[in-house]
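Visitor: Quick one, what's the 3D model for this:
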Amino acid sequence: MKFRYIAGAVALALSLAACGSSQPATKAAESADTVLKVGASPVPHAEILNFVKQNLAPAAGLKLEIVEFTDYVQPNVQLEEGQLSANFFQHKPYLDDFNASKGTKLTFVTPVHLEPLGLYSKKITSVSALANGATVAVPNDATNLGRALKLLADNGLVKLKDGVGTAATERDVVDNPKKLQFKPLEAAQLPRSLEDVDAAVINGNYAIEAGLKPASQALVLEKTEGNPYVNGLVVKAGHEKDANIVTLGKLLQDQKVKDFIKQKYEGSVIPAE
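Guide: From the prediction side, this is the model:
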């Protein structure tokens, strides 16, 4: 009987030890689940995420790991491959084009802010000063190229085919009175091109990162009314309703984030309404 009692006690102890050992693992798993790895362009996206990380995420029980990218391709590739939980650098027209061309299944979740596209120059101070035959650098990706051409058209520099809108390519330019020469470049290269071209149409994030001030230095700036190019949080399809994604989306739309954007970027980045 004594032997049976001891054996039973040992078995019970082992069972309790096993149960006890699983508890930290469960907590570790729960803790790991609250960490979101988010890819972002350095400016302003990573700066906005860092504001959320430092000021709002702790109270919401959310941990953020922010991974910075200097291009518009790898954040989507790594999200599709599962290396990221989400990314924050792009607008929906770019995402739609990327999904269509690359076969990815990524979904736009939460609008956060608009970065107005602008025309910049180190050689002239007004659009009217663009000389005949001037070289204008433009983004070489399909969505931002169309957006750039529409900006030029809205300001009377070119005329596009009726109805083409932001889907325009150089073939859709039906009138070019100044015989402007377009130089397509990767978006990240556009600020550096200002030394070599007469003007360049530059995405807001790259303009700010290069020390330009869109609200005051752009020769012309994209209008915000009815603008579809709001940047937002993106995830792989099927993860839109994950609890941590929903939490991050709400934090990015918090009034404190909107106030931060307004104060820090002084009109060069505009919070989504």
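Visitor: Every contact and neighbour count from this point should use C-alpha atoms.
Guide: OK.
Visitor: which outside residues touch stretch 226-235?
Guide: The contact list for stretch 226-235 (C-alpha atoms under 8 Å, 6 or more residues apart in numbering) reads 79, 85-93, 106-115, 249, 272.
Visitor: quick one: buried residues of that stretch?
Guide: 229, 230, 231, 232, 233, 234, 235 (16 or more other C-alpha atoms under 10 Å).
Visitor: same deal with stretch 45-54?
Guide: Going by 16+ other C-alpha under 10 Å, stretch 45-54 has these buried residues: 45, 46, 47, 48, 49, 50, 51, 52, 53.
Visitor: How many residues are close by the closest residue to the last one other than its chain neighbours?
Guide: In space, not counting the residues next to it along the chain, residue 53 is nearest to residue 64; the distance is 6.1 Å by C-alpha to C-alpha, 6 or more residues apart in numbering. Taking other C-alpha atoms under 10 Å as the neighbour definition, residue 64 ends up with a count of 19.
Visitor: May I have the strands that pair with the helix or strand harbouring residue 64, each with its orientation?
Guide: In this assignment (DSSP states H and E), residue 64 forms part of strand 63-68. Here strand 63-68 is paired, per DSSP bridges, with strand 35-40 (parallel).
Visitor: what does stretch 239-252 rub up against?
Guide: Residues outside stretch 239-252 that contact it (C-alpha under 8 Å, 6+ apart) are 34, 36, 49, 52, 56-57, 60, 62, 86, 107, 109-110, 112, 233, 257.
Visitor: Contacts for stretch 109-120 next, please.
Guide: 148, 151, 194, 199-205, 214, 217-224, 229-235, 240, 249, 252-253, 268-272.
Visitor: same check, this time on stretch 54-69
Guide: Under C-alpha under 8 Å, 6+ apart, the answer for stretch 54-69 is 34-42, 46, 49-50, 53, 75, 244, 247-248, 251.
Visitor: buried sites along that stretch?
Guide: Here stretch 54-69 shows 56, 57, 62, 63, 64, 66, 68 as buried, counting by 16+ other C-alpha under 10 Å.
Visitor: before we move on, what about stretch 218-226?
Guide: 218, 219, 220, 221, 222.
Visitor: Go through these and flag which are in helices.
Guide: Among the buried residues of stretch 218-226, DSSP state H puts none in helices.
Visitor: need those in CSV with pLDDT and distance to residue 170, can you?
Guide: As requested, the buried residues of stretch 218-226 are exported to CSV (pLDDT from 0 to 100; distance: C-alpha to C-alpha, whole Å):
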residue, pLDDT, distance to residue 170
218, 97, 22
219, 97, 21
220, 96, 20
221, 94, 20
222, 91, 19
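Visitor: Relative to residue 125, which of those is nearest.
Guide: For those, the residue nearest residue 125 by C-alpha to C-alpha is residue 219; the value is 6.7 Å.
Visitor: quick one: low-confidence parts of this protein?
Guide: 1-33 (pLDDT under 70).
Visitor: about what we covered before: I'd like to know which of the contacts of stretch 239-252 are part of helices.
Guide: Per DSSP H, the contacts of stretch 239-252 map to helices at 49, 52, 257.
Visitor: Listing partners with orientation, what would you give for the longest strand seen in the chain?
Guide: Counting by DSSP state E, the longest strand found in the chain is strand 106-114. According to DSSP bridges, strand 106-114 has the following sheet partners: strand 230-236 (antiparallel), strand 270-271 (antiparallel).
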